[in-house]
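Asker: generate coordinates for the sequence data below:
(one chain, ligands or ions: 2)
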Amino acid sequence: MIYQRVALIGLGLIASSMAHAIRRGGLAGEIIGTARSSETREIAREINLCDRITETATEAVQGADLVVLCVPVGAMGAVAQEIAPHLSEGCTVTDVGSVKKAVIEAVAPHLPEKVHFIPGHPLAGTEHSGPRSGFAELFDNRWNILVPTVGTPPEATDRLRKLWEGMGANVDQMDAEHHDLVLAVTSHCPHLIAYTMVGVADDLRRVTDSEVIKYSAAGFRDFTRIAASDPTMWRDVFLNNKEATLEILGRFTEELFALQRAIRTGDGQQLFDYFTHTRAIRRGIIEAGQDTAAPDFGRGPKR
Ligand SMILES: NC(=O)c1ccc[n+]([C@@H]2O[C@H](COP(=O)([O-])OP(=O)(O)OC[C@H]3O[C@@H](n4cnc5c(N)ncnc54)[C@H](O)[C@@H]3O)[C@@H](O)[C@H]2O)c1
Ligand SMILES: O=C(O)C(=O)C[C@]1(C(=O)O)C=C[C@@H](O)C=C1
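Answerer: Ligands and ions are numbered 1, 2, ... in the order given. Have a look, this model is predicted:
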């Protein structure tokens, strides 16, 4: 057992997967859960997600030695403010938000000195949300990035690392700014591109008489899966990782324009060279055995 009492705030995909994975590994003495809506709390009770479900976050954190904020990035600051006076001395507060710099800025000022704040981000998910969508295997062989704040005792970070390893994840550390830039490239902008492509296809539906949907090839189907992700979560990701996502979108647009020009001018060599280069990147990732974060479509329950 790594923690005596873990409090999960916000019972969606990530919190419910954590509850299942913590139970699978016998990693906590007790799991307490809480959610804002009575409907979510009711479902959590019905499926026996946690050992105890409380009405409020302030009740949930009492006596906990680990508190995990599992709400959308834009709600982290308000939740931290609400729970701060009720945290136990020496407890660790972590989060699972997809953005790190803005979450640290929103959460850290509210937390008392007697607690350890260790922000985190599991690089694992699906397009589903809510308390029924979680499954114990979500984090197996996926990365979890920890972003310890200055002055965090190494023992507190090691303990949290052990919890994530117990849930099946590989753990790495990064600073917040670097995390946000890397994730802008690997996760945030690809989601925006998927949202856009599905929007374009939908616009075209009238012209193509629904053929776009009917003949969806694998590439487009992957886009529609990604574009089905939770709108609140993704709105908050972009509003809170503005600088890095705008930087990457700027570069993306430049490359896109260059390829657009090559198509218009019939520059087959440029297209061929570009595609050869990107294929080598994909093959390099696979040869290096670093393809562990590849989405495994169809994982987990479909809700
Ligand atoms: N879904 C993914 O693929 C994924 C992966 C890694 C990290 N994350 C991050 O994990 C966090 C949770 O995501 P999820 O996919 O579990 O979401 P989810 O939508 O499944 O669950 C979110 C939970 O937060 C609650 N909530 C929403 N707004 C709130 C508010 N204003 N105040 C209090 N509670 C509120 C919801 O009721 C729900 O219980 C987010 O910060 C997200 O960025 C998501
Ligand atoms: O597989 C998916 O559905 C995901 O989008 C998961 C994904 C990702 O981009 O890889 C999405 C957001 C997270 O913050 C982490 C993981």
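
Asker: residue boundaries of the strands in this protein?
Answerer: 3-9, 28-34, 52-54, 66-69, 92-95, 116-117, 120-122, 143-146, 170-173 (DSSP state E).

Asker: so which of those is nearest ligand 1?
Answerer: strand 120-122 (5.2 Å; CB to the nearest ligand atom). From N, CA and C alone the C-beta is placed, and that goes for glycine too.

Asker: state the distance from residue 174 to ligand 1.
Answerer: 15 Å (CB to the nearest ligand atom, to the nearest Å).

Asker: residues in contact with that residue?
Answerer: Applying CB atoms under 8 Å, 6 or more residues apart in numbering to residue 174 gives the contacts 145, 146, 147, 182.

Asker: 10 Å - rerun?
Answerer: 100, 121, 145, 146, 147, 148, 180, 181, 182, 183 (CB atoms under 10 Å, 6 or more residues apart in numbering).

Asker: again with residue 94
Answerer: 66-70, 107, 116-121, 146-148, 156-157, 160, 163-164.

Asker: rerun that using 7 Å as the cut-off
Answerer: Taking CB atoms under 7 Å, 6 or more residues apart in numbering as the criterion, residue 94 is in contact with 68, 118, 119, 120, 160.

Asker: quick one: contacts for the third one?
Answerer: Read that as residue 119. When contacts are counted by CB under 7 Å, 6+ apart, residue 119 is found next to 94, 95, 100, 103, 104, 147.

Asker: repeat the analysis, applying 8 Å as the threshold.
Answerer: Neighbouring residues of residue 119 by CB under 8 Å, 6+ apart: 94, 95, 97, 100, 103, 104, 107, 146, 147, 148, 149, 176.

Asker: over to residue 12?
Answerer: 70, 71, 129, 130, 131, 133, 134, 230.

Asker: state the pLDDT value of residue 192.
Answerer: Per-residue pLDDT puts residue 192 at 97.

Asker: what is the neighbour count of it?
Answerer: Here the count is done by other CB atoms under 10 Å, and residue 192 has 19 residues near it.

Asker: I figured it hits residue 249, correct?
Answerer: Yes. Under the criterion of CB atoms under 8 Å, residue 192 makes contact with residue 249 at 7.2 Å.

Asker: shouldn't residue 233 be in contact with residue 129?
Answerer: Yes. With contacts counted by CB under 8 Å, residue 233 reaches residue 129, the gap being 7.3 Å.

Asker: name the nearest residue to the residue of the stretch 151-300 of the chain found nearest ligand 2, ignoring sequence neighbours.
Answerer: Here the stretch 151-300 of the chain gets closest to ligand 2 at one residue, residue 187, 3.2 Å apart by CB to the nearest ligand atom. Among residues not flanking residue 187 along the chain, residue 98 sits closest, at 7.0 Å (CB to CB, 6 or more residues apart in numbering).
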